[in-house]
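# Starting from these lines, generate the structure:
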Amino acid sequence: MAKRGGFPGGMPGSMNNLMKQAQRMQRQVEENQKELESREFTAKAGGGAVEVTVTGKKEVTKVKLSEEVVDPDDIEMLEDLVMAATNEALRMAEEANAEIMNKMTGGLGLGGGLPF
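Got it, this is the predicted structure:
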């Protein structure tokens, strides 16, 4: 009785090589992702009055405020500075992630995922 599906005689050499390359690339992506997640990104706002640190996992790990920026009569300014520093730190983390993905995909434009 004939086998259904697959390739007669097993996988051709080029398909086997392709599978090995895909597995190697997957390992590299996982290693790079772990390295990125352990990195920290710090951004400042208000001339350094507010400093926010995030990880590559995009988790805020530190918020540092200078005394002069804490004005009970101007809470909105403090809120804006914290938001600006946080968004900048997150942007830095995202940029680092994009750089890693570009290196991994050889600039193929696959970025954060496949185009389908």
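# Let me know the average pLDDT across the longest helix anywhere in the chain.
What stands out as the longest helix in the chain, according to DSSP state H, is helix 75-105. In this model, helix 75-105 carries a mean pLDDT of 92.
# in the helix or strand hosting residue 21, what counts as buried?
Element membership of residue 21, judged by DSSP states H and E, is helix 13-38. Judged by neighbour count (16 or more other CB atoms under 10 Å), helix 13-38 contains these buried residues: 32-33, 36. For the C-beta atoms, the positions are set from N, CA and C on the backbone; glycine is no exception.
# Then stretch 36-47?
Buried residues in stretch 36-47 (16+ other CB under 10 Å): 36, 41, 43-46.
# Quick check: helices, which of those are part of them?
residue 36.
# Lowest-confidence entry in the buried residues of stretch 36-47?
residue 36 (89).
# Surely it touches residue 96?
Yes. Counting by CB atoms under 8 Å, residue 96 is a contact partner of residue 36 at 6.0 Å.
# Quick check: neighbours shared by these two?
Jointly contacting residue 36 and residue 96 under the rule CB atoms under 8 Å, 6 or more residues apart in numbering are residue 56.
# Tell me how many other residues crowd the closest residue to residue 94 other than its chain neighbours.
Closest residue to residue 94 apart from its sequence neighbours, by CB to CB, 6 or more residues apart in numbering: residue 58 at 7.9 Å. Neighbour count for residue 58, taken as other CB atoms under 10 Å: 13.
# same check, this time on residue 77
14.
# Same question for stretch 49-64: list its buried residues.
49-56.
# ditto for stretch 67-86
69, 78, 81-82, 84-86.
# likewise stretch 85-99?
For stretch 85-99, the buried set under the neighbour-count rule, 16+ other CB under 10 Å, comprises 85-86, 88-90, 92-93, 97.
# No further questions, thank you.
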